[in-house]
Each structure stands twice: as structure tokens, then as C-alpha cells.
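Enquirer: sequence plus predicted model, see below.
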Amino acid sequence: MENGSKVVKIMFDLHAVFTAARKWVGGPIVNRELEPRSFHAACANGSKLIIIGGRGLQDQHFADVHVFDIGG
């Protein structure tokens with residue numbers, strides 16, 4: 001909240017942490033059709049980060065799955 005109004009900063013990036021290596025990776029998403037979202041689920045499987053569903057900027061609900069190779 002800022003001056004009594006809701007402030008929304010839209011970021012179009014993706015970040016992940018490798019806890020064993022204590023290393024963050026991430027940055028802007030390039031050439032991807034992934035809409036900004038909140039209330040999504042995410043899990044990692046090896047070097048893949050899986051993003052599932054969520055809620056969009058106009059309060060629409062997503063029923064999609066995106067898989068990113070985050071290396072590491």
C-alpha cells in the first residue's frame with residue numbers, strides 16, 4: 001500500500017534458488033508467452049522449473065502449465 005492505494009509492479013522475470021549450491025538464477029523471460037500471475041504453484045524437477053495455473057492481472061484464473069529449463 002502506498003498513500004492508501006494498491007501499488008502493483010508487474011515483473012516479467014523468473015527466479016529460482018538452488019538450495020544445495022546456495023545459488024539464485026534468473027532474469028527476464030525471453031520469447032515466452034507467459035502472462036504475469038500470482039497465486040500459482042511451482043515445483044522443480046532437476047533443472048526444470050514447472051509453473052502451474054495462477055491468477056492474472058484481470059483476476060482471471062489460469063489452467064496452464066509452463067516448463068522452464070533453468071540450468072544450474
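Expert: Happy to help now that I have it.

Enquirer: where exactly do the strands run in the protein?
Expert: Using DSSP state E, the strands of the chain run over 13-18, 23-28, 41-45, 48-55, 61-69.

Enquirer: could you dump these to CSV with mean pLDDT, mean neighbour count and distance to Leu34?
Expert: Just so you know, the C-beta spots here come from the backbone N, C-alpha and C atoms, and that holds for glycine as well. Below are those laid out as CSV (pLDDT from 0 to 100; neighbours: other CB atoms under 10 Å; distance: least, CB to CB, whole Å):
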stretch, mean pLDDT, mean neighbour count, distance to Leu34
strand 13-18, 76, 14, 8
strand 23-28, 76, 11, 11
strand 41-45, 89, 11, 12
strand 48-55, 91, 16, 7
strand 61-69, 91, 13, 5
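
Enquirer: now do the contacts for the residue sitting nearest the centre point of the chain.
Expert: Taking CA atoms, centre = their mean, the centroid of the chain lies closest to Leu14, which sits 5.0 Å from it. Listed by CB atoms under 8 Å, 6 or more residues apart in numbering, the contact set of Leu14 reads Gly26, Gly27, Ile29, Leu49, Phe68, Ile70.

Enquirer: can you tell me how far it is from Val67?
Expert: Applying CB to CB, to the nearest Å, the value for Leu14 to Val67 is 12 Å.

Enquirer: what's the overlap in contacts for these two?
Expert: In contact with both Leu14 and Val67: Leu49, using CB under 8 Å, 6+ apart.

Enquirer: any idea how far Glu33 lies from Phe62?
Expert: The spacing between Glu33 and Phe62, counted by CB to CB, is 12 Å.

Enquirer: what does Arg37 give?
Expert: Note on Arg37: its distance to Phe62, by CB to CB, is 6 Å.

Enquirer: and what of His15?
Expert: 19 Å.

Enquirer: try Gly54
Expert: Distance check for Gly54 against Phe62: by CB to CB, it reads 5 Å.

Enquirer: joint contacts of these two?
Expert: Common contacts of Gly54 and Phe62 (CB under 8 Å, 6+ apart): Arg37, His40.

Enquirer: report how many residues lie close to Glu35.
Expert: 14 (other CB atoms under 10 Å).

Enquirer: I'd say it and Gly56 touch.
Expert: Yes. Contact criterion CB atoms under 8 Å: Glu35 and Gly56 qualify, at 5.5 Å.
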